[in-house]
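Engineer: model this:
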Amino acid sequence: MPNYNGVWSLSTQYQYNTDWQADNISPARAAATTAARGLFALGKSQSAPINPIDQINTVSEGNATDFGDLTAGRQQPGALSSATRGVFAGGYASAFTNIIDYVSMASAGDAIDFGNLAAVGEGVGALSSATRGVFGGGYFSGHVNVIQYITIANTGNTTDFGDLSVARSYLGGAGSPTRGIFGGGTTGSLSDVMDYITIASVGNATDFGNLSAATVGVEGASSATRALFAGGAADRQANSEYIEYVTIANTGNVTDFGDLTAGRQLISACSNSIRGIYAGGGASASNVIDFVVITTTGNASDFGDLTANAWEGAGCCSSHGGIA
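Structural biologist: Model prediction:
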C-alpha cells in the first residue's frame, strides 16, 4: 500500500487499497481472473481423423473458433500444456504414430514438430506441471505401462519416467503442480484404477484409489487441489454422464460431483483452475461443449459448440491445476 502521511478519508483509503491489490495481484488470482485459452485438437469426425485445433476463452462462454492445425490429423492423441505451450502427442491415423507437436498458446497458428514419443501409440494419458509434461500408458499392439516425460519449454524426444501400476490405454490424466493422477482406461477389460506420480521426480506410479466404475476414455481436469474425471464408456453405461472427483493431496476413491449435460464417451477436456470444460464426444461425434466449476459440485452447464462434430480428440489450457 502507498506510504502517505496525514489523515486519509475512508474513500481515499479504499481507493489506495483497491489500487494496491490490483497492482500486486497474486499469480493464483491472476490465473483465475485472466482470459485463459483452451485448445481442443478435434481428433476425429464421424469416420476419419482430422487435424483442426479449436480455441475457446475459458472464462467466457461461447462457441469455439479455429486456432490452426496439427502437423498431422490423428485421433486419440494426448494433450498437455504450460502457460506458453500446448503439446499434442501420439494418436492414430492410417497407423499408430509417435508424433509430438506443439503450438504457442499466445497466438493462433499451426503446430510445429516437437519430437517423438519413445513408445508409439494412441490413447496416452497426459498431465503436466508448469514445466514438465508426462504421458502415461497407451496402445500399440497391446496396452503399455510406460510413463514418459518432456520438458515443455524444450523440444526433443521423451525420456523414461517409470511405469504405471497397471498397463492400460485410453486413460485420463489430471494433477496439481506436484502430483499427477492417471484414472481409468482399459487393459483389454475396462479399468477403475487410479494411480499417481510425483511430477518433479521419476519413478513408478503408486495406487491412489478407484473410480466408481471401470471406465475407458474418461477425461481429467483439475484445479491445484481437486481432480475431476468425467465421461467415458463405463461398465454401468456405454456413454457415461458421470463426473467424479478426488482431493489430489490425499489418496482414496472418488466422490460423486454431478453429471455432464449428456452422457458421452471419447470427449476432450481442459481446465483453467476454476472451470473444467468438456468438448465433443458422444455415442458418435458431437459439437457439445459444457463446463463445471471445479470448487463446487453440481451438473455441467452449456458452454457453446465446437466448430465441427468431433470425438477422440484432446484438450489443454494455458492455466490449469498443474500450473497454479
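
Engineer: Hmm, Ala249 is touching Ile181, no?
Structural biologist: No. The criterion here is CB atoms under 8 Å, and Ala249 misses it with Ile181 at 10.8 Å. Where you see a C-beta, it was placed from the backbone N, CA and C, and this is true even at glycine.

Engineer: quick one, which of the two is more surrounded?
Structural biologist: Neighbour tally, Ala249 and Ile181, criterion other CB atoms under 10 Å: the higher count belongs to Ile181, 26 against 11.

Engineer: That one sits in which helix or strand?
Structural biologist: Assigned by DSSP states H and E, Ile181 belongs to strand 179-183.

Engineer: Pull the distance from that strand to the chain's centre.
Structural biologist: Centroid separation for strand 179-183 versus its chain: 11 Å, with CA atoms, centre = their mean, to the nearest Å.

Engineer: Partner strands of it and their direction?
Structural biologist: According to DSSP bridges, strand 179-183 forms sheet pairs with strand 172-175 (antiparallel), strand 193-198 (antiparallel).

Engineer: Packed most tightly, which of those would that be?
Structural biologist: Burial of the strands paired with strand 179-183 is given as mean neighbour count (mean count of other CB atoms under 10 Å); strand 172-175 ranks first at a mean of 30.

Engineer: Quick one: residues in contact with that strand.
Structural biologist: 78, 80, 125-129, 134, 136, 180-185, 199, 218-222, 227-229, 232, 248, 269, 271, 321-322 (CB atoms under 8 Å, 6 or more residues apart in numbering).

Engineer: pull the CA atoms of the strand holding Ile181 into CSV?
Structural biologist: Provided in CSV are the C-alpha atoms of strand 179-183 (Å, rounded to 0.1, in the frame of the first residue of the first chain):
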residue,chain,number,x,y,z
ARG,A,179,1.2,-34.7,-8.1
GLY,A,180,-0.3,-36.2,-11.3
ILE,A,181,-3.1,-38.8,-11.3
PHE,A,182,-4.0,-41.2,-14.1
GLY,A,183,-7.5,-42.6,-14.0
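
Engineer: Show me the contact partners of it.
Structural biologist: By CB under 8 Å, 6+ apart, strand 179-183 touches 125, 127-128, 134, 136-137, 164, 171-175, 193-199, 205, 208, 211, 215, 218, 220, 227, 229, 246, 248-249, 322.

Engineer: what do you get if the cut-off is 6 Å, keeping everything else the same?
Structural biologist: 125, 127, 134, 136, 171-175, 194-197, 199, 208, 211, 218, 227, 229, 248 (CB atoms under 6 Å, 6 or more residues apart in numbering).

Engineer: got any ranges where the protein has weak pLDDT?
Structural biologist: Residue ranges of the chain with pLDDT under 70: 1-35.

Engineer: From the contact counts, what lies against the longest strand along it?
Structural biologist: Counting by DSSP state E, the longest strand found in the chain is strand 301-310. Contact partners of strand 301-310 among helices and strands, from 3 or more CB pairs under 6 Å, 6 or more residues apart in numbering; DSSP states H and E: strand 286-293.

Engineer: hmm, 10 Å instead?
Structural biologist: strand 37-41, strand 52-57, strand 65-69, strand 275-279, strand 286-293 (3 or more CB pairs under 10 Å, 6 or more residues apart in numbering; DSSP states H and E).

Engineer: now those strands as JSON lines including distance to Arg236 and mean neighbour count?
Structural biologist: Formatted as JSON lines, these follow (distance: least, CB to CB, whole Å; neighbours: other CB atoms under 10 Å):
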{"stretch": "strand 37-41", "distance to Arg236": "26", "mean neighbour count": "28"}
{"stretch": "strand 52-57", "distance to Arg236": "30", "mean neighbour count": "23"}
{"stretch": "strand 65-69", "distance to Arg236": "35", "mean neighbour count": "17"}
{"stretch": "strand 275-279", "distance to Arg236": "18", "mean neighbour count": "28"}
{"stretch": "strand 286-293", "distance to Arg236": "20", "mean neighbour count": "22"}
